[in-house]
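Engineer: I would like the atomic coordinates for the input below:
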Amino acid sequence: MADADGAWNRLRQFAGSLGFDISAEKLDLFKTYYDMLIERNQSVNLTAIVSLDDVIRKHFIDSLFLAHALKEKGTARILDLGSGAGFPGLVLGIVFTDVEVVLCDALGKRVRFLLDVRSALGLTNVQALHARAEELARMEAYRDSFDIVTARALAPLHAVVEWGMPFLKPYGALIAMKGPGVVDELGGAANALRMLKGRHVGITEYELPDDAGSRTLVEMQKLAPTPKYFPRKPGEALRSPLADTSKFR
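Structural biologist: Next comes the predicted model:
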């Protein structure tokens, strides 16, 4: 119990260093989330990271770094693509209670977990949708309507661009959460960014505590409405990267 208390206190302290005051009530939400994650992970493959210390460092704190990057953006609506076990989307929903957060995942079992956590935590600002990005982006309620789109370790950057840009309002931001070495992906995503009316804004590198690893935020901005033929059919972005095709040039 003492070790667990210490781990949760470290989360509060680190959140404070990023500008977030995690109250006792909000800390209880993180605890419930963790308990549900470990319990459901026994039957659904949600994460390979299960120890309390590692979940706090590699999931919760990693998500808080993104939240810190979003604090000054005046965000009203966020879409988290490929939410999986809810990182970063559910964490954003916990810390930004006045922001609408939409979680999207293609696997029904993961979405049911997200909905169960949403209900248990009382996160009325959070939605969870069972859908593929390529199909959801064709729906009027979601296309060109988000301030921020996030994607954590989802796919190569060129695919993230094709999936994410159609959801953004003009001048909204697509932020891909990546590991180290992402610079090599930027060249491969340059053509996709041009064709989807976006531009690369910058890269933010950071270190997780206790030597838990290096991470990178890649920020891209949408400059104009997305051409109607994007995104392409499910699977096309991975099978035929825009960097490798001249079909739409």
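Engineer: Glu100 reaches Thr124, doesn't it?
Structural biologist: No - applying C-beta atoms under 8 Å as the test, Glu100 and Thr124 come out as separate, 9.8 Å apart. All C-beta spots, glycine's among them, are computed from the backbone N, C-alpha and C.
Engineer: who has more neighbours, these two?
Structural biologist: The neighbour comparison of Glu100 against Thr124 (other C-beta atoms under 10 Å) goes to Glu100, with 17 against 11.
Engineer: check what pLDDT that one gets.
Structural biologist: pLDDT recorded at Glu100 is 98.
Engineer: how many neighbours does the residue nearest to it when sequence neighbours are not counted have?
Structural biologist: Distance criterion C-beta to C-beta, 6 or more residues apart in numbering; nearest residue to Glu100, sequence neighbours excluded, is Arg77 at 4.7 Å. Using other C-beta under 10 Å as the criterion, Arg77 is surrounded by 17 other residues.
Engineer: please verify my assumption that Arg77 contacts Leu92.
Structural biologist: No - distance between Arg77 and Leu92: 11.3 Å, which falls outside the contact criterion (C-beta under 8 Å).
Engineer: overlap in contacts, the two.
Structural biologist: A shared contact of Arg77 and Leu92, defined by C-beta atoms under 8 Å, 6 or more residues apart in numbering, is any residue touching both; here these are Val99.
Engineer: look up how far Trp163 lies from the residue nearest to Glu100.
Structural biologist: Using C-beta to C-beta, to the nearest Å, we find Arg77 at a distance of 17 Å from Trp163.
Engineer: same thing with Asp5?
Structural biologist: Relative to Trp163, Asp5 is positioned 40 Å away (C-beta to C-beta).
Engineer: between those two, which one's more packed in?
Structural biologist: The residue with more neighbours, out of Asp5 and Trp163, is Trp163; 29 against 9, by other C-beta under 10 Å.
Engineer: wait, a helix at Gly74?
Structural biologist: No - in this structure, Gly74 is coil, not part of a helix, as judged by DSSP: H, G, I helix; E, B strand; the rest coil.
Engineer: which ones are touching it?
Structural biologist: Residues in contact with Gly74 (C-beta under 8 Å, 6+ apart) are Asp147.
Engineer: phi first, then psi, for it.
Structural biologist: Backbone torsions for Gly74, taken as degrees, to the nearest 10, come to phi 60, psi 40.
Engineer: and if you look at Leu103?
Structural biologist: Given degrees, to the nearest 10, the pair of backbone angles that Leu103 has is phi -100, psi 140.
Engineer: you'd agree it is up against Leu114?
Structural biologist: Yes - taking C-beta under 8 Å as the contact criterion, Leu103 and Leu114 are neighbours in contact, 5.3 Å apart.
Engineer: overlap of the contact sets of the two?
Structural biologist: Ser83, Gly86, Gly89, Leu90, Ala128.
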